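Chemist: Mind folding the following:
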Amino acid sequence: MENEINKIVKVLKRGGIIVYPTDTVWGIGCDATNKKSIEKIYKLKRRFQEKSFIILVKDKKEIFKYVGDTPDILWDFADQFNTPLTVIYPNAQNLPKNVIAPDGSVAIRITKDEFCKKIIENLGKPIISTSANISGEIPPLVYSMISEEILKFADYVAEFKRNKVTEIKPSTIIKITDDGLIDIVRD
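Modeler: Numbers count the residues shown, from 1 in each chain. The predicted structure follows:
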């Protein structure tokens, strides 16, 4: 696994696009601070920039680099989830504009997956996590579901977990409203 992580990090540092197993479905990723790489993913997915991407971080303290204050109730709420949880935070900061939604928010998930954590840790930055499909198509639960178009576009396709069937659906998404309340966006 370590050798593969080193290859992925080299690709990400050069501004490349990867296809990799996430803590949910197979994903497309890049350095979440690299505006040009993010543009490539929007183009590949045929996705409107009004619909921003999720970024993965390795732990809770990383979140505070990219958002303002968060309500304390969020942490109690988030601790109740055993499955992956993405939180949309208001007041995004220190990220390229094409990661930030038009309302100024950013979607962040703390990954529990060791493979993803090691990529983020070795890169020293968050990574984009979006399903490895064209927008509107079914997210790939297994490697074999990924279209040839996606695979050919990537600068690197992970070997890790290619034969594993994911039983985890895409993450639950919640949004922190401007008044500090929590709305469920996707269950």
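Chemist: Can you classify the most centrally placed residue in the chain by secondary structure?
Modeler: The centre of the chain sits closest to Ser129, judged by Cα atoms, centre = their mean, with a distance of 2.3 Å. Assigned by DSSP: H, G, I helix; E, B strand; the rest coil, the conformation of Ser129 is strand.
Chemist: does Ile55 count as helix, strand or coil?
Modeler: Taking three-state DSSP, the label given to Ile55 is strand.
Chemist: pretty sure the residue nearest to the centre of the chain is touching Phe53, no?
Modeler: Yes - counting by Cβ atoms under 8 Å, Phe53 is a contact partner of Ser129 at 7.1 Å. C-beta here means a position set from N, CA and C on the backbone, and glycine is covered the same way.
Chemist: pLDDT weak spots in this structure?
Modeler: The chain contains residues with pLDDT under 70 at 165-169.
Chemist: how much space between the residue nearest to the centre of the chain and Lys43?
Modeler: Distance of Ser129 to Lys43, given as Cβ to Cβ, to the nearest Å: 17 Å.
Chemist: Number of residues surrounding the nearest residue to Leu151 once chain neighbours are set aside?
Modeler: What sits nearest to Leu151 in space, not counting adjacent residues and going by Cβ to Cβ, 6 or more residues apart in numbering, is Val157, at 5.7 Å. Neighbour count for Val157, taken as other Cβ atoms under 10 Å: 19.
Chemist: next one: phi and psi at Val157?
Modeler: Backbone geometry at Val157, expressed as degrees, to the nearest 10, gives phi -120, psi 120.
Chemist: In contact with it: list those residues for me.
Modeler: Applying Cβ atoms under 8 Å, 6 or more residues apart in numbering to Val157 gives the contacts 18-20, 151.
Chemist: now the helices for the protein?
Modeler: Per DSSP state H, the chain carries helices over the ranges 2-13, 35-45, 60-63, 72-78, 114-123, 148-153.
Chemist: for the ones you listed, which one sits closest to Lys161?
Modeler: helix 114-123 (7.3 Å; Cβ to Cβ).
Chemist: What is the distance between the closest one and the centre of its chain?
Modeler: Centroid displacement of helix 114-123 relative to its chain, using Cα atoms, centre = their mean, to the nearest Å, is 12 Å.
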